[in-house]
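Student: Need coordinates for the following:
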Amino acid sequence: MVLAFIFLCGSVFGEDWAFKDSMALKNLATLIEKGEAHPKDMSEKELVTAANGMGYLRGLLDGMGISEAFGRQLPYRIPEEVTTEQLLLIVGKFLSVNPTRLNQKPVVTVSLALTEAFPNPAVKPPKP
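Tutor: Numbers count the residues shown, from 1 in each chain. Alright, predicted model coming up:
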């Protein structure tokens, strides 16, 4: 897959990008959808941004996973076969349905989207 190759070499280009809010995640999910449908139509900058974004999400998930190593259960359980690209699409769909969350921190959005998609039955949801 084209995006897998880009993920491996994306950081070489040193593009200026940042994920300051969840709108960046929504834009990234749109970019991933474009890459899945028409990989040859993506510009070099789009490919690099997609690769960097996948790396960002993977690092974010790895960081969240450290909590489990110290005994804290996460509110979601991601099946092993789910890819980073699929996770980005899940986050993008979550933001399409919940546009009021576009200004929140990406870590919050990712946690909420994954909890909705892959709830951990061992963790009780908080009371409203």
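
Student: pretty sure P119 contacts I78?
Tutor: No: when contacts are counted by C-beta atoms under 8 Å, P119 is not listed as touching I78 (11.0 Å). From N, CA and C alone the C-beta is placed, and that goes for glycine too.

Student: State the mean pLDDT of the longest helix seen in the chain.
Tutor: Determined from DSSP state H, the single longest helix within the chain is helix 44-69. Taken as a whole, helix 44-69 carries a mean pLDDT of 81.

Student: and P119, what are its phi and psi?
Tutor: In terms of degrees, to the nearest 10, the main-chain angles of P119 are phi -60, psi 140.

Student: helix, strand or coil for the most centrally placed residue in the chain?
Tutor: Centroid check for the chain by C-alpha atoms, centre = their mean gives L88 as the closest residue, at 3.8 Å. Classification of L88 using DSSP: H, G, I helix; E, B strand; the rest coil returns helix.

Student: Could you find the closest non-adjacent residue to I90?
Tutor: In this structure, I90 finds its nearest non-sequential neighbour in A117, 4.9 Å apart by C-beta to C-beta, 6 or more residues apart in numbering.
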